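*Asks:* fold the stuff below for me.
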Amino acid sequence: MSYLLDTNCAWRRFFVTDPAHQKVKAKIDDLLRQGEIIYITAQNMVEFQAVATRPVSANGLGLSTKEANQEARTIQALFPLLPETPDI
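*Replies:* Sure, this is the predicted structure:
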């Protein structure tokens, strides 16, 4: 089976300071160990950039653009990107 990863789960998988990090990481890692494919979309990456660069005081991660881009590459390295098609 394959899955489409929610943006909130994508960033929580990598940010160890988030309270949900351990649960999210454990579940995603368990699915990957089982051979499941977990996809992301371009929309996930747009949403990630928005939350990553938003100030912490505004419910964001407070990363610089450079830091957000680095984290985005990490996410894209682990999860295959679905192509943008009319069906999506």
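*Asks:* how about the helices in this structure?
*Replies:* 7-12, 21-33, 42-53, 65-78 (DSSP state H).
*Asks:* for the record, mean pLDDT for the longest one?
*Replies:* Per-residue confidence for helix 65-78 averages out to 93 on the pLDDT scale.
*Asks:* now swap in the second one and tell me
*Replies:* pLDDT averaged over helix 21-33 equals 95, rounded to a whole number.
*Asks:* tell me what that helix is packed against?
*Replies:* helix 7-12, strand 37-39 (3 or more Cβ pairs under 8 Å, 6 or more residues apart in numbering; DSSP states H and E). C-beta: built from backbone N, CA, C; applies to glycine.
*Asks:* next: the third one.
*Replies:* Packing partners of helix 42-53 (3+ Cβ pairs under 8 Å, 6+ apart): helix 7-12, helix 65-78.
*Asks:* got the CA positions of the shortest one in CSV?
*Replies:* Extracted as CSV, the C-alpha positions of helix 7-12 are listed here (Å, rounded to 0.1, in the frame of the first residue of the first chain):
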residue,chain,number,x,y,z
THR,A,7,2.5,18.2,5.7
ASN,A,8,2.2,18.4,9.5
CYS,A,9,3.5,14.8,9.8
ALA,A,10,6.3,15.5,7.3
TRP,A,11,7.9,18.3,9.4
ARG,A,12,7.2,16.6,12.7
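*Asks:* pLDDT score for the spatially most central residue of the chain?
*Replies:* The chain has residue 10 as the residue nearest its centroid, 2.2 Å off, counting by Cα atoms, centre = their mean. Looking at residue 10, its pLDDT reads 88.
*Asks:* is it true that it touches residue 40?
*Replies:* Yes. Taking contacts as Cβ atoms under 8 Å, residue 10 lies within contact range of residue 40: 6.2 Å.
*Asks:* now do the shared contacts for these two.
*Replies:* Jointly contacting residue 10 and residue 40 under the rule Cβ atoms under 8 Å, 6 or more residues apart in numbering are 75, 79.
*Asks:* ok, back up a step: distance to residue 61 added to the helices and strands packed on helix 21-33, as TSV?
*Replies:* Below are those laid out as TSV (distance: least, Cβ to Cβ, whole Å):
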stretch	distance to residue 61
helix 7-12	7
strand 37-39	21
